[in-house]
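Student: got a sequence here, can you model it:
(4 chains)
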Protein chains: 4
Amino acid sequence: MRFFSDNAAAAHPKVIEAIARANRLDTAYDGDEWSSRLDGAFSDLFETQVRALWVTTGTAANCLALAAMCPPYRAILCHRDAHIENDEAGAPGFFTGGAKLALLDGQGAKITPDSVASACDRIRNDVHQVQPAAISITNATEYGLVYTTPQVAALGELARSRGLALHMDGARFANALATTGDSPADATWRAGVDALSFGFVKNGGLNAEALILFRPELADEVAVRRKRAGHLLSKGRYLAAQILAMLEEDLWLENARAANAAAQTLARAAPHRLVYPVQANEIFLKASPDEATALRAAGFDFYDWAPGEIRLVTSWDQSGAPVEKLAEAIVRL
Amino acid sequence: MRFFSDNAAAAHPKVIEAIARANRLDTAYDGDEWSSRLDGAFSDLFETQVRALWVTTGTAANCLALAAMCPPYRAILCHRDAHIENDEAGAPGFFTGGAKLALLDGQGAKITPDSVASACDRIRNDVHQVQPAAISITNATEYGLVYTTPQVAALGELARSRGLALHMDGARFANALATTGDSPADATWRAGVDALSFGFVKNGGLNAEALILFRPELADEVAVRRKRAGHLLSKGRYLAAQILAMLEEDLWLENARAANAAAQTLARAAPHRLVYPVQANEIFLKASPDEATALRAAGFDFYDWAPGEIRLVTSWDQSGAPVEKLAEAIVRL
Amino acid sequence: MRFFSDNAAAAHPKVIEAIARANRLDTAYDGDEWSSRLDGAFSDLFETQVRALWVTTGTAANCLALAAMCPPYRAILCHRDAHIENDEAGAPGFFTGGAKLALLDGQGAKITPDSVASACDRIRNDVHQVQPAAISITNATEYGLVYTTPQVAALGELARSRGLALHMDGARFANALATTGDSPADATWRAGVDALSFGFVKNGGLNAEALILFRPELADEVAVRRKRAGHLLSKGRYLAAQILAMLEEDLWLENARAANAAAQTLARAAPHRLVYPVQANEIFLKASPDEATALRAAGFDFYDWAPGEIRLVTSWDQSGAPVEKLAEAIVRL
Amino acid sequence: MRFFSDNAAAAHPKVIEAIARANRLDTAYDGDEWSSRLDGAFSDLFETQVRALWVTTGTAANCLALAAMCPPYRAILCHRDAHIENDEAGAPGFFTGGAKLALLDGQGAKITPDSVASACDRIRNDVHQVQPAAISITNATEYGLVYTTPQVAALGELARSRGLALHMDGARFANALATTGDSPADATWRAGVDALSFGFVKNGGLNAEALILFRPELADEVAVRRKRAGHLLSKGRYLAAQILAMLEEDLWLENARAANAAAQTLARAAPHRLVYPVQANEIFLKASPDEATALRAAGFDFYDWAPGEIRLVTSWDQSGAPVEKLAEAIVRL
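Tutor: Residues are numbered from 1 along each chain as shown, chains lettered A, B, ... in the order given. Next up, the predicted model:
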């Protein structure tokens, strides 16, 4: 029973079926019928005209968006614990051609208009210091916290007032929305988000993510950059089909709700152990080395996160008995 | 009946089945059991210790290899019509950080020791001119020609004598070997090839290619560059499983033989129209606009390549009736 | 008596004096009084509002301009023998972050609207091929030919109609204008040039070149890129002072006229040997190895350019006896 | 009376004279007699075989060295207040092709083996996190502190044990040595430094800095990168001549001693106001806005550094009356 990462979970059967159904000759790259439906499908979902491009990883989605938003000689403001800073091998530097990540502090990997504004204010406006061009936030954050829609909107307003673009790394965007109940539109472009990395792989997808551009004029450049980065697959229909399957009947939301529910089951088992409130599908627990050992002995796998701290991640397909058993094991500690 | 590109064909059913079979929880990235078997499987195939990394596109395979072989301030020698020059949106410049492609002429997109040597000799050995670091050849070439193993070996010898690395873009490596009958080992490292982009997607795969490093010491750098380029998929097992399915019982070779056989059927239909000898699965035919129109009216689709020239590409799953019918239609022109 | 390169000549005494005069405390970087006068001085010279930035090399001037005009994923059209392709160690790739130089043919390193248009037409308008963004021409060319103002204007018109920027590498701009007699304005922005690398170092300067931006809105980006490339000298006044000295009383034009006159003296000595018409200060002569040896034995140094061909370059300070003697030696061959 | 920056000071008369003396035809680039003497002159000074390349800015020296020491996909460890992080417009990202600066804390912009080791220890050794390749320290630091030779040696030892290269930004290296009295050799390569940006411009030079490579095998790559970055001036002799003039009779050390002595005069005027001990030629003083205004009213110019803090920098040519007057004005506050 593994609670390492939603990255490791199986794909939803409907995703596998969609791939199998797409298995016939069609136009190469993104000229096929499935890929051609993406713009429309996401425009419907977001209640506005968007451009949507498939890619295979969140890193590609994040960094293609950032490269279109930030020239090589400027900076992207993000949290010190952001995935783009910590877990993408320097990909933002590669895709942008050397732009800088300017790192902010903040509880639970969240940033605020205040932290952004004061970071900007510390940058002298001259050619010697790197001027900011964009903000990137992760929702849900790397610690499983969710930005409320008003919080995003406050960042969006600040971004506009400072001439900065706003990117959202939504590797767990579905989990965030499953929690807030807000509409995709409200949570993004209406709150000032210019581009969203809409994650599916952590949420029951196989290997397709969507990059949503709320400023459609960015799409042509992003499409070229995608090709140039080796991310224009020649049989794109197998990616588009996965994504469309996830959108159908809101499977993406259903999966996220399941994962979040499992996380709540675990959170309730040990409210006093929680390092952060559990708002999505990640649970950070205080647990001594002996306690961690005991849980492992009981058959549960997970990461040690920090001294005296473990991380549990629930997936779309983890519910019922295994989760209940882990909850009981935690209670018993 | 479409003869646009092997890129557009369906995936082989065994590939789809392999994906379905891999659909269970396992370690993320390339820590899973399928990915872990790649090095061994390719080491067996190539009769030497290699490192093998999955990626999703030939562009990624080519450019990750080239970036590890050529620093930003040097050049890669390749044919003027090479895929890396013509069809990858400048990806080599992106991945290498600005290295130059030095372009060579040669019939049918083939280069020779002579053309390489004389290109090198024209470069003054000073800091003002960009010095070469690597050679890249495509086998089978962009015009469907196959390098014989002695031809590759002659390039390999020259490469060694000049201190250059040798990369092979093997998007249609299977088709080349199906023609020569040579062993994978003879056709590559024994002939001096340092890295091979081993293509599967054009040959019945879905979205997995393999980058084979015959100098295993390059692998750690390439692995980092793969992650940094957003090409380390979190559920890598679905890529590895595809590749392993292609290797099983030499499915890769069987598929290539089928595509090549279809190409020969077409070639025999119009030997006097052939722009190049047909040695793999691409056929370039002289055909007037009226003749092209006639073929299209008969239900066949393909690219106009140049004035008075059309390109037909056969796929692993094109055989029997449709190919015979196209051959007949060509004869009838 | 060396005729290797105008690069190697001494600086004009007035330039040395200007440096000495600027030797007092002032604001660092380009905040000093000399640097502050550049925009005005060049705006006067060019009869329009320009921005002018000092740099220390033609490579820096060329590549800073090109980086502001061409994103990493597009191409710059230039002649196959352009300095940016042949003699700058791949600097355009470095400064642009991997943009491509698309190489054109043409007599004497000149390109034409036809050669540019047909190069553009060969590029498929899709994401697989690198789309052009700019044209770069060298005036006078690497073979000492001069673009007439109507020739530049024709390229400028084509550039506009294709949405391309137009850059002029004017390492020997002064020599070109000394020949045509046209005004700086007519020869540049009125003919559609967006940016000019205005060379002084080959023309009696010490180590200061000027980058002239006829689209002033590019200047802020270029200024940041200059700093980022390590080209914002902390004591910029010594560069600005050199340039101002060159502009004073048209010293730049006077020097160029002297060098051109010396070149004409040599050209007249052997009209039948000229590989190209002599229009600036470079002379390419047919000369057998024995003839080259004879000239060297007579005390003259120069480059062998190609088999049976030598290159002579005259400088601002080469006139009178040494040039006459070389002319005589050539006649005597 | 300006105490803004040593960057703004005049050049030493001997430097101007050296430029004037070098004003004659010689081989272009760095093939001239002055440039050819640099390796020897610095090898003598450092008591070992080094390679020495002139450049025109500290940014160029720093970033060329770092690019040769750190591949694009790795990181350089430096202090949060390092010049390369704060005042070079992101140049390290540009020259390295996107490498990361990993920022350390530490009093007075100094880092320690402990701060480096713990930063390294926090980096997981996998492909997701950017692995370190080099350390860069500034000596004297951005706050005017000097690393003792044993402190450098401790960092050098740590660097070796972790497989990291060690770079020293010596924009004020002369000031540091004027304080410690240590030999150039002891303070650098004997302490484990691999490359030194040896600054002259802040110390009476005009526009020449030297990059000293204690690992001579790096020089060929650096020379190519220098050209590629537009930093190979065509008349390099004017740079080399400056540097040689600074080395002659230890002018570099004499100038630094003068600047340091002036700084000590100011430091003695207000020991209780010092934010940092004064070890080189920078003085950071606590001073209220009113006090700063009073000093300015008395004719002294300088930067406000932080709320309640001003920065004074002394130069090689500031001594005697103006410094005494400033010291008195500080005492009077």
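
Student: all helices of the stretch 1-150 of chain A, in order?
Tutor: A:13-21, A:33-36, A:38-46, A:58-69, A:83-86, A:91-96, A:113-122, A:149-162 (DSSP state H, counting those that start in this stretch).

Student: can you add mean pLDDT, mean neighbour count and distance to C:Ile123 and give the ones you listed back as JSON lines?
Tutor: All C-beta spots, glycine's among them, are computed from the backbone N, C-alpha and C. As requested, the helices of the stretch 1-150 of chain A are exported to JSON lines (pLDDT from 0 to 100; neighbours: other CB atoms under 10 Å in any protein chain shown; distance: least, CB to CB, whole Å):
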{"stretch": "helix A:13-21", "mean pLDDT": "98", "mean neighbour count": "19", "distance to C:Ile123": "35"}
{"stretch": "helix A:33-36", "mean pLDDT": "97", "mean neighbour count": "18", "distance to C:Ile123": "24"}
{"stretch": "helix A:38-46", "mean pLDDT": "98", "mean neighbour count": "18", "distance to C:Ile123": "26"}
{"stretch": "helix A:58-69", "mean pLDDT": "98", "mean neighbour count": "29", "distance to C:Ile123": "22"}
{"stretch": "helix A:83-86", "mean pLDDT": "98", "mean neighbour count": "22", "distance to C:Ile123": "33"}
{"stretch": "helix A:91-96", "mean pLDDT": "98", "mean neighbour count": "28", "distance to C:Ile123": "24"}
{"stretch": "helix A:113-122", "mean pLDDT": "98", "mean neighbour count": "15", "distance to C:Ile123": "41"}
{"stretch": "helix A:149-162", "mean pLDDT": "98", "mean neighbour count": "18", "distance to C:Ile123": "36"}
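
Student: nearest to chain D among these would be which one?
Tutor: helix A:91-96 (3.3 Å; CB to the nearest CB).

Student: any part of that closest one near chain C?
Tutor: No - using CB under 8 Å from any CB of the partner chain, helix A:91-96 stays clear of chain C, coming no nearer than 8.7 Å.

Student: how far off centre is that helix?
Tutor: 18 Å (CA atoms, centre = their mean, to the nearest Å).

Student: same deal with stretch A:216-225?
Tutor: 20 Å.

Student: what comes up buried for that stretch?
Tutor: Neighbour-count burial for stretch A:216-225, with 16 or more other CB atoms under 10 Å in any protein chain shown as criterion, is recorded at A:218-219, A:221-225.

Student: one step back: same list, the helices of the stretch 1-150 of chain A, but as CSV with distance to A:Thr293 please.
Tutor: Listed next are those as CSV, based on distance: least, CB to CB, whole Å:
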stretch, distance to A:Thr293
helix A:13-21, 35
helix A:33-36, 48
helix A:38-46, 45
helix A:58-69, 32
helix A:83-86, 27
helix A:91-96, 35
helix A:113-122, 38
helix A:149-162, 38
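
Student: need the buried residues of stretch A:216-225 in JSON lines (columns: pLDDT, distance to chain C and secondary structure).
Tutor: As requested, the buried residues of stretch A:216-225 are exported to JSON lines (pLDDT from 0 to 100; distance: CB to the nearest CB, whole Å; DSSP: H, G, I helix; E, B strand; the rest coil):
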{"residue": "A:Leu218", "pLDDT": "97", "distance to chain C": "13", "secondary structure": "helix"}
{"residue": "A:Ala219", "pLDDT": "97", "distance to chain C": "11", "secondary structure": "helix"}
{"residue": "A:Glu221", "pLDDT": "98", "distance to chain C": "8", "secondary structure": "helix"}
{"residue": "A:Val222", "pLDDT": "98", "distance to chain C": "10", "secondary structure": "helix"}
{"residue": "A:Ala223", "pLDDT": "98", "distance to chain C": "5", "secondary structure": "helix"}
{"residue": "A:Val224", "pLDDT": "98", "distance to chain C": "5", "secondary structure": "helix"}
{"residue": "A:Arg225", "pLDDT": "98", "distance to chain C": "6", "secondary structure": "helix"}
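
Student: closest to chain B among these?
Tutor: Once CB to the nearest CB is applied, the member of the buried residues of stretch A:216-225 that ends up nearest chain B is A:Val224, at 6.1 Å.

Student: wait, doesn't that closest one sit right on C:Gln129?
Tutor: No - A:Val224 lies out of contact with C:Gln129 (CB atoms under 8 Å); the separation is 10.0 Å.

Student: and for the two, which residues touch both?
Tutor: B:Ala89 (CB atoms under 8 Å, 6 or more residues apart in numbering or on different chains).

Student: A:Gly230: which element?
Tutor: Using DSSP states H and E, A:Gly230 sits in no helix or strand.

Student: so which residues of the stretch 151-300 of chain A form helices?
Tutor: A:173-180, A:184-187, A:219-228, A:237-247, A:251-269, A:289-297.

Student: now do the domain split for chain A, please.
Tutor: For chain A, automatic domain parsing gives the domain ranges A:12-250, A:252-332.

Student: just say which of these is most tucked in.
Tutor: Compared across those, domain A:12-250 shows the largest average neighbour count, a mean of 22 (mean count of other CB atoms under 10 Å in any protein chain shown).
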